[in-house]
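# Got a predicted model here, sequence first, then my questions.
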Amino acid sequence: MSLLDPVWTSLLYLVAAVFFILALRGLSSPRTARRGNLIGAAGALIAVLTVFLSSRLENIPWILAAIAVGSAVAAPVARRVKMTQMPQLVALFNGVGGGAAALVALLELSHTGDPWVRLAIVFTLLVGAVSFAGSGVTFAKLQELMTTRPVVFPGLPAVMAAVLLAAVAAAAVVVFTGSLPLASLLLVLGLAAGILLVLPVGGADVPIVISLLNAFTGLAVAASGLVLGNVLLVVAGTLVGASGTILTRAMAAAMGRSVAGILFGAFRGGSTAGSTAVSERPVRSSSAEDVAVLLGYAQRVIIVPGYGLAVAQGQHTAAELALALESRGIEVDFAIHPVAGRMPGHMNVLLAEANVPYESLKEMGEINPEFKTADVALVVGANDVVNPAAKTSAGSPIYGMPILEVADARQVVFLKRSMRPGFAGIENDLLYEPQTSLLFGDAKDSLAQVLGAVKAL
């Protein structure tokens, strides 16, 4: 017997749905993202409690045991994961959501004879399986368990087409017959399609695919809501699907690419990852003291953070350096590229963690015209997002991607660990320009040395 009548159940579901909407609104800005996360978690808690109180559940000990095991695994992982590994964590959680929706749909197949419900089931099976397998491949690429370069082989388009045609045929038969073996085959075909979809994607495009697969998971969850007759799952899944789609399009626009080009560009002989060879051309290297002199006697400095800053956990030192320069009357801003790091907002969160004022974080459209007035552009661990090849080299994997116009500054200083190319795997010709100097070493250590030298001026 349920403890909540239908009116209270509907009311609590509505409250949870409003919480989810407010959470998405909060996540739209670094200033309110923490509050948005808490609101979303509260909405999820309300939803779960409502299900327990309004449903006649069987096997409750098994359900509670599953929740306990999942919490015991997820909580420590989420707390210990490094900021640089957050995209991998997002990929894993996203994949688990799609896989769970697919398994629920498979179990529900034997409980219905309605063709329309079966249609929702086969959609959930296929899309959830694609999301699960594809997210696993994106995790492996970002974690460097496999190559980040596009993986293609002769006949890949034909194999993918055959898998999709077989999936459509199996889905049609399942809708009309309810065959469990064919539904299981459809699940396997979905897993294969997810792997084949992501293998040809490489380099800097992998985070965009994570966002796309997140949208797929949302659609699968929404469809599972139709299967289970749960309105809140429909609402929550639709919100995730819509927000994931919007984010995917925004990220693709920031990279100057189409979603189709990202997914299928490798079929045309293109690549989202270039050569890892290092040029033998000479560069101008500097010491920490040289860089400190450039910064200490500048009037305007723009700091460009990238993935290397996150890897080195140098955000606090970067914030200290900005304060030291501002104490000398120097204007300092941070230039944020939409896809700097491995996911949107990565740099915003990283610098907010170091208490950098939000007013100092300038988005690309706002900061680009100001590089011409900058005495020094200090690039810390970034490469692809400042690479002029995006504007000048038609054969480059990043050609057409909007970049930060670092080259317009009077002096450019790169803090790099080595001359290895960035995530897209291509060289940055800006490194060899006469106004550019390089300080080699771990970003945090280099920043600390520069900070000490600035204070000694």
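Received, thanks.
# Surely V376 touches V413?
Yes - judged on CB atoms under 8 Å, V376 makes contact with V413 at a distance of 6.2 Å. From N, CA and C alone the C-beta is placed, and that goes for glycine too.
# tell me the centre residue of the protein?
Central residue of the chain (CA atoms, centre = their mean): M343, 3.7 Å from the mean position.
# Report the buried residues of the lowest-mean-pLDDT helix or strand in the chain.
Least confident element among the helices and strands of the chain, by mean pLDDT, DSSP states H and E: helix 259-264 (a mean of 76). Neighbour-count burial for helix 259-264, counted by 16 or more other CB atoms under 10 Å, picks out 259, 261-264.
# shaky segments in this protein?
Low-confidence segments of the chain, defined by pLDDT under 70, are located at 1-2, 83-84, 203-204, 255-257, 265-280, 342, 395, 397, 422-425.
# Walk me through the domains of it.
Using automatic domain parsing, the domain ranges for the chain come out as 81-268, 288-456.
# Mind putting the ones you listed into a markdown table with distance to T32?
Output for the domains of the chain, formatted as a markdown table (distance: least, CB to CB, whole Å):
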| stretch | distance to T32 |
| --- | --- |
| domain 81-268 | 15 |
| domain 288-456 | 10 |
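# Compare those domains and give me the one nearest F19.
domain 81-268 (10.1 Å; CB to CB).
# What is the distance between that closest one and the centre of its chain?
Using CA atoms, centre = their mean, to the nearest Å, the distance from the centre of domain 81-268 to the centre of the chain it belongs to is 15 Å.
# Restricting to C-alpha, output the least confident helix or strand of the chain in CSV.
Only the C-alpha atoms of helix 259-264 are listed here, as CSV (Å, rounded to 0.1, in the frame of the first residue of the first chain):
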residue,chain,number,x,y,z
VAL,A,259,28.3,18.2,-35.6
ALA,A,260,28.2,16.0,-38.8
GLY,A,261,31.8,17.1,-39.6
ILE,A,262,32.9,16.1,-36.1
LEU,A,263,31.3,12.6,-36.3
PHE,A,264,32.0,11.7,-39.9
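# returning to that earlier point: for the buried residues of helix 259-264, please prepare TSV with the additional fields distance to E144.
Shown next, in TSV, are the buried residues of helix 259-264 (distance: CB to CB, whole Å):
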residue	distance to E144
V259	24
G261	24
I262	20
L263	21
F264	24
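# just to revisit the earlier point, helices or strands next to the least confident helix or strand of the chain in the packing?
helix 206-228, helix 231-254 (3 or more CB pairs under 8 Å, 6 or more residues apart in numbering; DSSP states H and E).
# Reformat the ones you listed as a markdown table; add mean neighbour count and distance to D384.
Output for those, formatted as a markdown table (neighbours: other CB atoms under 10 Å; distance: least, CB to CB, whole Å):
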| stretch | mean neighbour count | distance to D384 |
| --- | --- | --- |
| helix 206-228 | 25 | 12 |
| helix 231-254 | 19 | 12 |
